[in-house]
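*Asks:* coords below, sequence missing:
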């Protein structure tokens, strides 16, 4: 989503388009396209994926139990896993790890997911994903990572060109992979 900012420069640009001869109009439009291309390059999407099967094969289950006898929790699971992530060139590019706290009560099943993405290029982001599930099957739990959120690269280990930068992140999935798309804001 782009916001339109009206400035003296944009009013001047519009008046040039209105009163300029056709050759000048073409030159102005070419300049506008060049500026638009620079903006698009600045908003480049970082793209990574992991194989769902790799993630499932790494999972561990941490035992859970109700603390009180009067607990409203019917069932609970706590899982954690990690898998390598790959870039658009299908090369290993880092790691994704996540932990899933699943709690079922008489109303529904809530999953709190703590996610962490560490990329070899210095990008490190973490985010939380609350989700309501239909069941506690492993596939359902893993695919509950799907979300859209704003993340900030707020961890700095060594050189990190992304430190302090914000991204709109979209996490999606299909039968084989979980995808991470990050667009700098």
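*Replies:* Nice, I can see it. Just so you know, these numbers come straight off a predicted model, no measurement behind them. Numbering: from 1, shown residues only.
*Asks:* the helices in this structure, which residues?
*Replies:* 8-19, 22-42, 52-58, 138-143 (DSSP state H).
*Asks:* pull the residues that contact stretch 51-65.
*Replies:* 76-84, 96, 98, 138, 142-143, 173, 175-178 (CB atoms under 8 Å, 6 or more residues apart in numbering). Using the backbone N, CA and C atoms, a C-beta is placed for each residue, glycine as well.
*Asks:* ugh, wrong one, I meant stretch 86-106
*Replies:* Stretch 86-106 is contacted by residues 47-50, 55, 72-85, 109-121, 123, 133, 136, 141, 144-145, 178, 180 when judged by CB under 8 Å, 6+ apart.
*Asks:* residues of that stretch that come out buried?
*Replies:* 86-87, 93-94, 96-104 (16 or more other CB atoms under 10 Å).
*Asks:* hang on, the earlier thing: what's the least confident stretch among the helices of the chain?
*Replies:* Mean pLDDT is lowest for helix 8-19 out of the helices of the chain, coming in at a mean of 35.
*Asks:* dump the buried residues of stretch 86-106 into JSON lines; add pLDDT as well.
*Replies:* Converted to JSON lines, the buried residues of stretch 86-106 look like this (pLDDT from 0 to 100):
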{"residue": "86", "pLDDT": "98"}
{"residue": "87", "pLDDT": "96"}
{"residue": "93", "pLDDT": "97"}
{"residue": "94", "pLDDT": "97"}
{"residue": "96", "pLDDT": "96"}
{"residue": "97", "pLDDT": "96"}
{"residue": "98", "pLDDT": "93"}
{"residue": "99", "pLDDT": "93"}
{"residue": "100", "pLDDT": "91"}
{"residue": "101", "pLDDT": "91"}
{"residue": "102", "pLDDT": "89"}
{"residue": "103", "pLDDT": "90"}
{"residue": "104", "pLDDT": "89"}
